[in-house]
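Asker: This is a predicted model, with the sequence first.
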Amino acid sequence: MDAVQFEWDPAKEFENVAKHGVSFLEAQQAFADERCVLGKDLAHSEVEPRYYCFGRVERGVLTVRFTWRSGVIRIFGAGFWRKGRVAYERENSLYR
């Protein structure tokens with residue numbers, strides 16, 4: 001299996017770190033969680049499909065906003081948000 005590739009706008013990452021305290025390098029780790037939950041971002045998918053990844057990282061459950069571009073995951077937002085944690089816990093409670 002090929003390694004997953006990630007990309008992002010460095011300026012957007014800088015803004016994200018300032019606002020939410022999360023680098024996009026850390027955000028990549030959410031995708032490595034074997035129990036991560038993926039969902040479509042219906043509120044922000046006008047131009048291209050956008051998605052959420054809810055995955056556990058060292059500091060807790062991280063919500064990552066991303067899109068697919070030519071087989072690459074393009075990250076454009078990440079944070080530790082309650083709704084993401086709730087979705088992660090709800091979906092993973094089905095497998096206990």
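Answerer: The structure has been received and is ready for your questions.

Asker: helix or strand for the closest residue to residue 53 other than its chain neighbours, which one?
Answerer: Counting by CB to CB, 6 or more residues apart in numbering, residue 53 lies nearest to residue 64, which is 4.4 Å off, once chain neighbours are set aside. (C-beta placed from N, C-alpha, C; glycine too.) Residue 64 belongs to strand 60-69 when elements are defined using DSSP states H and E.

Asker: What is that strand packed up against?
Answerer: Judged by 3 or more CB pairs under 8 Å, 6 or more residues apart in numbering; DSSP states H and E, strand 60-69 is in contact with helix 24-28, strand 51-57, strand 72-79, helix 82-93.

Asker: Report the buried residues of that strand.
Answerer: Buried residues in strand 60-69, counting neighbours by 16 or more other CB atoms under 10 Å, are found at 61-67.

Asker: angle of that strand against strand 51-57?
Answerer: 140 degrees (axes from the mean of the first three to the mean of the last three CA atoms, to 10 degrees).

Asker: now strand 60-69 and strand 72-79, what's the angle there?
Answerer: Relative orientation of strand 60-69 versus strand 72-79 (the same axes, to 10 degrees): 140 degrees.

Asker: Would you give the sheet partners of strand 60-69, along with the direction of each?
Answerer: Strand 60-69 pairs in its sheet with strand 51-57 (antiparallel), strand 72-79 (antiparallel), by DSSP bridges.

Asker: okay if I get those strands as JSON lines plus mean pLDDT and distance to residue 22?
Answerer: JSON lines is the format used below for the strands paired with strand 60-69 (pLDDT from 0 to 100; distance: least, CB to CB, whole Å):
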{"stretch": "strand 51-57", "mean pLDDT": "96", "distance to residue 22": "9"}
{"stretch": "strand 72-79", "mean pLDDT": "97", "distance to residue 22": "4"}
